[in-house]
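S.K.: Sequence plus predicted model, see below.
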Amino acid sequence: MANLASTFVGIKSPNPFWLASAPPTDKEYNVRRAFEAGWGGVVWKTLGSEGPPVVNVNGPRYGVVYGADRRVLGINNIELITDRPLEVNLREIKSVKRDYPDRALVISLMVPCDEDSWKDILKRIEDTGADGVELNFGCPHGMAERGMGSAVGQVPEYIEMVTRWVKKYSRMPCIVKLTPNITDIRRPAEAAKRGGADAVSLINTINSITSVNLDTFAPEPTIDGKGTHGGYCGPAVKPIALNMVAEIARSRETAGIPISGIGGVTTWRDAAEFMALGAGNVQVCTAAMTYGFKIVQEMISGLSQYMDEKGMTSTAELVGRAVPNVTDWQYLNLNYVTKAVIDQDACIKCGRCYAACEDTSHQAITMSADRTFSVKEEECVACNLCLDVCPVEGCITMRELAVGELDQRTGRKVATYANWTTHPNNPAAQAAE
Amino acid sequence: MTNSQLTPGVAAGRLGAEDYARNFADIAPRFAPHEARVAADRCYFCHDAPCITACPTSIDIPLFIRQIATGTPEAAARTIFSQNILGGMCARVCPTETLCEGACVRETAEGKPVEIGRLQRYATDTLMEAPSHPFARAAATGKRVAVVGAGPAGLAAAHRLAMKGHDVTIYDARPKAGGLNEYGIASYKAAGGFAQAEVDWLMQIGGIVVEHGKALGRDLTLEGLRAGFDAVFLGMGLAGVNALRAEGEDKDGVANAVDFIAELRQASDLSRLPIGRDVVVIGGGMTAVDAAVQSRLLGAENVTIVYRRGKARMGASEHEQDHATQSGVRIIHNAAPVAVHGNGAVREIEFAYTQDTPEGLKLTSETFRLRADQVFKAIGQTLKGAPDGLAIEGGKIAVTGPGRTSLPGVWAGGDCAAGGEDLTVTAVAEGRDAAEDIHAALVGTGG
């Protein structure tokens, strides 16, 4: 079994699977059970300032998007930060950390955007024994309206300023949690780095309305006939999160900053993908909320098996392995030519490839009277849609044409690597010469 | 109740009351809404789907399944009924394993097709429970059409004709409408009085009058109908039954399977329906299976189907054969009856093994006997009382195109007409298509 032990910004955990700051990490009872189930660490649900805690709605807090068979694809929530007294949380954190010294325990924080508030909360958490802090600059609902959460995360200058305060008043590792509700994720990441952050974690939830009730004409979740946007998470947001993680990992300004990957991690494979794109570890919430804490067992066994199969002995060997292969469109090889190939023995003759290609792509698949589907290489642009919609795994594959082979569509032989920067149709191409 | 399965001879009340209720309950109950959604999600929404091609009524199956999957079973039902007004019964009795589900690409992929029949039932049941009928009649044409036979073909034709604005009179020999849906299908396939409920629902369109107790050749003549109506559709089915041509066939206890099934379907109290301890059914089709299985369900101890040819030639589908054997029915292939033995009533039936040769079926000298208190003949039905002047082909009314007979103004469809399999769904398709052709002929829009 591969060793999954992880060190993230100096914080050690037996595996790279942490529970994200969220309802599952709101109190001692849950966190103890999570650790017993095998989770490597938790980010304790966000603490606020001293004083009367926030209040939550007393109607539904979650909206959901289902796939087939009520499979949860995405959940949004309108829950706020912890609604329990600060002292209770601090006492519990101390108690849990004392009993689980080998697990990572990071405290999520969100207080008003002034130096004294941050100085105060950092002082209060000092003797809990926690391993680090995560700054919640991401929560898109409720707290943002009070000048916290994503209201800070959407302004790079605020991120930098608050991060500086945290580094000034605490020796703990500082992870800055980023909101995806911005146009370019690199700007807040750069600000966090300038402010001295030890790491960034992303993504927080995405502004969303999961559905509209067509009888009451109200968004879900509905509170007394009204609804508001909530934060979307779960498998549906993973592609967005992967891209944002990759952007930070490969940006010249932020390359090398440790990343804690968050956003729809549901299986070991999701975790491995985040790590390959540069995440040092991952945080999980929706999968645990859907299936319970036990899923971490599959994540542990799956990642171990994968690493064994790849001959990797530590997670560090996986982290960032795919980053060099993330590039800009202009550097993609325009002379890389593939053609769809349909395995007639595997084909079940559903015709979805035909419908997709004929109706929405390049009319490159023919259908015979006996429902044999064939690729017209002279029309195939290799868009891949046929393969994507085919219900039979492996039935349609893309054959790579060798250099020198004739491309039936263009009538030209396949040439060696060349990209847009030197393409004759590119008005700016000459500058490259 | 003193009788049991072991009571000798033919006896009623072999089982307890709860056994009858359980044995004749709905064999494949309606999907619950979540079951339906899950089953619907399995449909791939194939292009030019093979299931549509396989359906004799060409129901747009992927569309109706998508309508179920998106929470509109009522719309799904309209998709079904627009092609097949008896879609509710067909959902119950169609041999889907040889039709739509047999053609499903997931059958090819996994050996587990989308459960089209049960999804169809979910949709049609949902809409049939709605207070209103989904179809309305076109403006009255003033044309009158006679339909002979209130079975699937006649009902489908009548509904389509009424929808087009014609006035329809259906004549049926029996006291109830429905034809084989009411009298000829195993009880557990159409539980809860579904056949009559479906007829009542269908009649809601209006413009259809049913006259019972009127048989062609007995109470009506084709000439009279042609004179009194603008068009005639014949859908009277096959009222005749083939004979065994075995010695002793006239002994007590030898009966037609269709009569046994009809009696069972009309029985108000199954515990009062006598059944033999040893029952032999002769034949290889759906009727043989329905008679045999229901004999078992009534409490017969030993039920045997004997078919004169091999398993592959049986008219009953593989699924039906499996259902029979799982119900405790023994199936003997390649044996034909040669004599019925008994003193007044049948006691034994004697068979000879057969050989299927290029020159035809031949009896061998090897024989065996089976104990039998009852023998049900299910060896095919024949057209009885076909009116003079109609061309006949292979023992059925010859038709061309959408059911046109050799006589002008006379159409035919269903089991009584040549061509097509003798299935409910085929009868519906033929009735519907003939109605469209009649409509075109009556209003002069070509066709």
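M.R.: Done, it's in. Numbers count the residues shown, from 1 in each chain, chains lettered A, B, ... in the order given.
S.K.: Just the pLDDT at residue 55, thanks.
M.R.: With no chain named, the answer covers chain A. Looking at A:Val55, its pLDDT stands at 93.
S.K.: Can you look at chain B instead?
M.R.: Confidence score, pLDDT, at B:Cys55: 98.
S.K.: How about B:Thr445?
M.R.: Reported pLDDT at B:Thr445 in the predicted model: 61.
S.K.: Number of residues surrounding B:Thr72?
M.R.: Neighbours of B:Thr72 under the rule other Cβ atoms under 10 Å in any protein chain shown: 16. Heads up, the C-betas are built off the backbone N, CA and C, glycines and all.
S.K.: actually B:Thr287, sorry about that
M.R.: Around B:Thr287 there are 29 residues (other Cβ under 10 Å).
S.K.: Kindly report the same for B:Ser271.
M.R.: Residues lying near B:Ser271 (other Cβ under 10 Å) number 17.
S.K.: and the gap between it and chain A?
M.R.: According to Cβ to the nearest Cβ, to the nearest Å, B:Ser271 and chain A sit 43 Å apart.
S.K.: Tell me, please, the helix or strand in the chain that averages the lowest pLDDT.
M.R.: All of this is about chain A. Lowest mean confidence among the helices and strands of chain A (mean pLDDT, DSSP states H and E): helix A:150-153, at a mean of 88.
S.K.: hmm, I had chain B in mind actually
M.R.: For chain B, judged by mean pLDDT, DSSP H and E, that is strand B:240-241, with a mean of 92.
S.K.: Which secondary structure elements does that strand sit against?
M.R.: Under the contact definition 3 or more Cβ pairs under 8 Å, 6 or more residues apart in numbering or on different chains; DSSP states H and E, strand B:240-241 sits against strand B:381-382.
S.K.: what's next to the strand it packs on, contact-wise?
M.R.: Residues external to strand B:381-382 that are found in contact with it (Cβ atoms under 8 Å, 6 or more residues apart in numbering or on different chains): B:Gly237, B:Leu238, B:Ala239, B:Gly240, B:Val241, B:Asn242, B:Val258, B:Gly395, B:Asp415.
S.K.: show me what contacts the residue in the stretch 1-150 of chain B that chain A sits nearest to?
M.R.: Evaluated by Cβ to the nearest Cβ, the stretch 1-150 of chain B has B:His47 as its residue closest to chain A, separated by 3.1 Å. Residues in contact with B:His47 (Cβ under 8 Å, 6+ apart) are A:Cys350, A:Gly351, A:Arg352, A:Tyr354, A:Ala355, A:Met367.
S.K.: Please tabulate the contacts of strand B:381-382 in CSV, including the columns distance to A:Thr228 and neighbour count.
M.R.: CSV is the format used below for the contacts of strand B:381-382 (distance: Cβ to Cβ, whole Å; neighbours: other Cβ atoms under 10 Å in any protein chain shown):
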residue, distance to A:Thr228, neighbour count
B:Gly237, 65, 28
B:Leu238, 68, 19
B:Ala239, 71, 18
B:Gly240, 74, 15
B:Val241, 73, 19
B:Asn242, 75, 14
B:Val258, 67, 21
B:Gly395, 74, 14
B:Asp415, 64, 27
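S.K.: Which stretches in the stretch 51-200 of chain B count as strands?
M.R.: Ranges of strands in the stretch 51-200 of chain B, per DSSP state E, counting those that start in this stretch, are B:144-148, B:167-172.
S.K.: what's the most buried one of these?
M.R.: strand B:144-148 (a mean of 26; mean count of other Cβ atoms under 10 Å in any protein chain shown).
S.K.: Just list what that one packs against, helices and strands only.
M.R.: Looks like strand B:144-148 contacts helix B:152-163, strand B:167-172, helix B:222-228, strand B:231-234 (3+ Cβ pairs under 8 Å, 6+ apart).
S.K.: redo that, cut-off 6 Å
M.R.: Helices and strands touching strand B:144-148, as assessed by 3 or more Cβ pairs under 6 Å, 6 or more residues apart in numbering or on different chains; DSSP states H and E, comprise helix B:152-163, strand B:167-172, strand B:231-234.
S.K.: between it and helix B:152-163, how big is the angle?
M.R.: On the basis of axes from the mean of the first three to the mean of the last three Cα atoms, to 10 degrees, strand B:144-148 is oriented at 170 degrees to helix B:152-163.
S.K.: Parallel or antiparallel, list what pairs with strand B:144-148.
M.R.: Applying DSSP bridges to the sheet, strand B:144-148 is found paired with strand B:167-172 (parallel), strand B:231-234 (parallel).
S.K.: model confidence over the last one, on average?
M.R.: Strand B:231-234 shows a mean pLDDT of 98 in the predicted model.
S.K.: pull the CA atoms of that strand into CSV?
M.R.: The C-alpha trace of strand B:231-234 is given here as CSV (Å, rounded to 0.1, in the frame of the first residue of the first chain):
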residue,chain,number,x,y,z
ALA,B,231,-68.6,1.5,-45.1
VAL,B,232,-68.2,-1.8,-43.3
PHE,B,233,-65.2,-2.9,-41.2
LEU,B,234,-65.0,-6.6,-40.4
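S.K.: and the closest residue to chain A within the stretch 151-300 of chain B, what element?
M.R.: Closest contact between the stretch 151-300 of chain B and chain A, by Cβ to the nearest Cβ, is at B:Trp201 (28.1 Å). Following DSSP states H and E, one finds B:Trp201 within helix B:194-203.
S.K.: re earlier: helices or strands next to the least confident helix or strand of chain A in the packing?
M.R.: Here helix A:150-153 touches no other helix or strand, going by 3+ Cβ pairs under 6 Å, 6+ apart.
S.K.: List the buried residues of that helix.
M.R.: Across helix A:150-153, burial judged by 16 or more other Cβ atoms under 10 Å in any protein chain shown covers A:Ser150, A:Ala151, A:Val152, A:Gly153.
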